[in-house]
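S.K.: Return a 3D structure for these sequence lines:
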Amino acid sequence: MGLHEKHEYFVSWEELHRATRELARRQLPAEQWRGVIAVSRGGLVPGAIIARELNLRVVESVCVRSYAHQTQSAEPEMLKDISCTEDGAGFLVVDDLVDTGNTLRFLRKRLPKAKFITVYAKPEGLPLVDEYEADIDQNTWIHFPWDMHLHYVDPLAGEDR
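M.R.: Residues are numbered from 1 along each chain as shown. Predicted coordinates for the structure are as follows:
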């Protein structure tokens, strides 16, 4: 593979659910957590699954803009802060993916005592995440199920003759 060659990885709902449940299992016992802070938007679905699996009722979202037209902007921007905690103690901050780590680096300043977990992790972002489920190459673009449509695909041999 060339140095600048990009790859794509398509994640199904089933795969995302399985990986997120496994990540949740590793956060047991649930009693150690006060709640979940989902990083909007990618962390919303995994955050809901983790909250369900750990039977946590306090679920909040933090809204950060860090991607602009599929490239990361220089500095993330806080669009909506959280009010459930001052420093993150007892909370799981959940995102779908840590890529370069810019978003989590930004949120660690705001929530220094939280535990940061992601379903997927790329090498550049690994130092910013406390736990994750699956490794992804840095040059792979992940397509999550909420970004895709299911539709009919023609057979390889073409239509019926």
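S.K.: only C-alpha atoms for contact and neighbour calcs from this point on.
M.R.: Will do.
S.K.: Strands along this structure, start to end?
M.R.: Ranges of strands within the chain are 7-10, 35-40, 59-68, 71-80, 91-98, 115-121, 131-135, 140-143, based on DSSP state E.
S.K.: In TSV: those strands, plus distance to R26 and mean neighbour count.
M.R.: Listed next are the strands of the chain as TSV, based on distance: least, Cα to Cα, whole Å; neighbours: other Cα atoms under 10 Å:
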stretch	distance to R26	mean neighbour count
strand 7-10	24	12
strand 35-40	15	25
strand 59-68	19	17
strand 71-80	28	12
strand 91-98	12	26
strand 115-121	10	24
strand 131-135	9	18
strand 140-143	23	14
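S.K.: Out of these, which gets the lowest mean score?
M.R.: Comparing mean pLDDT over these, the weakest stretch is strand 71-80, at a mean of 76.
S.K.: So what touches stretch 102-114?
M.R.: Residues outside stretch 102-114 that contact it (Cα atoms under 8 Å, 6 or more residues apart in numbering): 64, 66, 75-76, 86-93, 98, 116, 125, 128-129.
S.K.: let's go with 6 Å and repeat that
M.R.: For stretch 102-114, contacts defined as Cα atoms under 6 Å, 6 or more residues apart in numbering pick out D87, G88, A89, F91, L92.
S.K.: what does stretch 26-34 give?
M.R.: L54, G90, F91.
S.K.: cool, and stretch 143-155?
M.R.: With Cα under 6 Å, 6+ apart as the test, stretch 143-155 has contacts from F10, V11, S12, W13.
S.K.: Just the buried residues of those.
M.R.: V11 (16 or more other Cα atoms under 10 Å).
S.K.: now the contacts of stretch 26-34 as JSON lines including distance to H17?
M.R.: Listed next are the contacts of stretch 26-34 as JSON lines, based on distance: Cα to Cα, whole Å:
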{"residue": "L54", "distance to H17": "14"}
{"residue": "G90", "distance to H17": "24"}
{"residue": "F91", "distance to H17": "21"}
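S.K.: Mind checking the pLDDT average for the longest helix seen in the chain?
M.R.: As assigned by DSSP state H, the longest helix anywhere in the chain is helix 13-25. The average pLDDT within helix 13-25 is 97.
S.K.: now the residue found closest to S12 once you drop the neighbours it is linked to in the chain: how far from R26?
M.R.: Nearest residue to S12 in three dimensions, chain neighbours excluded: P145, at 5.5 Å (Cα to Cα, 6 or more residues apart in numbering). Distance of P145 to R26, given as Cα to Cα, to the nearest Å: 23 Å.
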